[in-house]
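**Q** Can you look at this prediction? I've put the sequence above it.
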Amino acid sequence: MARRETEPPEQETLRRWEREQAQLKANVIEEDTEEWQKDSTFAGLERVGGVDLSYVKGNDTVACASLVVLSYPELEVLYEDCQMVTVSAPYLAGYLAFREVPFLVEAAQRLQEREPGLRPQVLLVDGNGVLHHRAGFGVACHLGVLTGLPCIGVAKNLLQVDGLAKDEQHKGQIRDLQMGGDVFPLRGTSGRVLGMALRSYNKSTKPIYVSVGHRTCLESAVRLVQSCCRYRIPEPIRQVRRQGQLGGEDPSLSWETWPVREGVTGICE
DNA sequence: GCGACAG
DNA sequence: ATCTTGTCGC
């Protein structure tokens, strides 16, 4: 019988993870490093990626690790990959990367082997970048440093760190977002702007929370995310989540048949 | 004991 | 994250 629940981490494991975050943090680049980022229309940007893990209902350990690459600015799917995996680390706020990043790195490596020409020029990651506890090193930074790719963190909920809270002031700022593209900065008690709340399109009242992962500044990160939004969730993440949920539900994919799943893994024409 | 809690 | 019905607005 397959394991259905992850083990809670030992204190020692947490300390090790914190040391690892602090060490990798030194490699984060919170500035634009690509030519296309400097252009107001992102001229030269052709491929935007999205990564995600979606979980199978009722099981803490089985997940579908997915990666998609979309064309830019058309936002059409060029590549999609979905791989069933067994997760061992539990979900703990602040340590999400240790649960998900290993499988996302593998997905990026598969892409590099299969279709190096489709390597995304920037990756949107479900979760936060520098908007994070302690070291300020969320999953988007972690994945960025390990892959070397520019990464942007996109969270659907506010991670309440450094004094940030869903208080009345925050709710008022949300009410003041009038239309798609409106933003307000997320300034922590430390005075530092950790990210931006973005009303990603006109119909959605609830913002998304954008933060720097790697090789981008916050301004171009927000601008890029907004340019990828047809709905509240930016298209690369929306597409990769759809892909992952299909993988998790696919009845042809029994416990015995993975890790291979034909018809889902591979290049889309 | 109470609140917080990305995915 | 995932479980789930109806409901409100355009």
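**A** Structure's in. What do you need?
**Q** what does the stretch 51-200 of chain A have sitting close to DNA strand C?
**A** Counting by C-beta under 7 Å from any atom of the strand, the stretch 51-200 of chain A comes close to DNA strand C at A:54-55, A:57-58, A:126, A:156. Where you see a C-beta, it was placed from the backbone N, CA and C, and this is true even at glycine.
**Q** Going along the chain, name the helices of chain A.
**A** A:11-25, A:96-114, A:139-147, A:168-175, A:218-227, A:235-249 (DSSP state H).
**Q** Let me know which of the ones you listed is the nearest to residue A:49.
**A** Between residue A:49 and those, the tightest spacing by C-beta to C-beta is seen for helix A:235-249, at 6.1 Å.
**Q** give me the residue from chain A nearest DNA strand C.
**A** Per C-beta to the nearest atom of the strand, residue A:57 is where chain A lies closest to DNA strand C, at 3.0 Å.
**Q** what's the closest non-adjacent residue to that residue?
**A** Nearest non-adjacent residue to residue A:57, counting by C-beta to C-beta, 6 or more residues apart in numbering: residue A:248, 7.8 Å away.
**Q** tell me the contacts of that neighbour?
**A** Residue A:248 is in contact with A:54-57, A:62-64, counting by C-beta atoms under 8 Å, 6 or more residues apart in numbering.
**Q** Try it again at 7 Å.
**A** Contact analysis of residue A:248 by C-beta atoms under 7 Å, 6 or more residues apart in numbering lists A:54, A:56, A:64.
**Q** same check, this time on residue A:150
**A** Contact analysis of residue A:150 by C-beta under 7 Å, 6+ apart lists A:33-34, A:121-123, A:144, A:214-216.
**Q** what about it, distance to DNA strand B?
**A** Relative to DNA strand B, residue A:150 is positioned 17 Å away (C-beta to the nearest atom of the strand, to the nearest Å).
**Q** Just give me the neighbour total for the residue in the stretch 101-250 of chain A positioned nearest to DNA strand B.
**A** Here the residue of the stretch 101-250 of chain A nearest DNA strand B is residue A:160; by C-beta to the nearest atom of the strand that distance is 2.2 Å. Number of residues near residue A:160 (other C-beta atoms under 10 Å) recorded here: 13.
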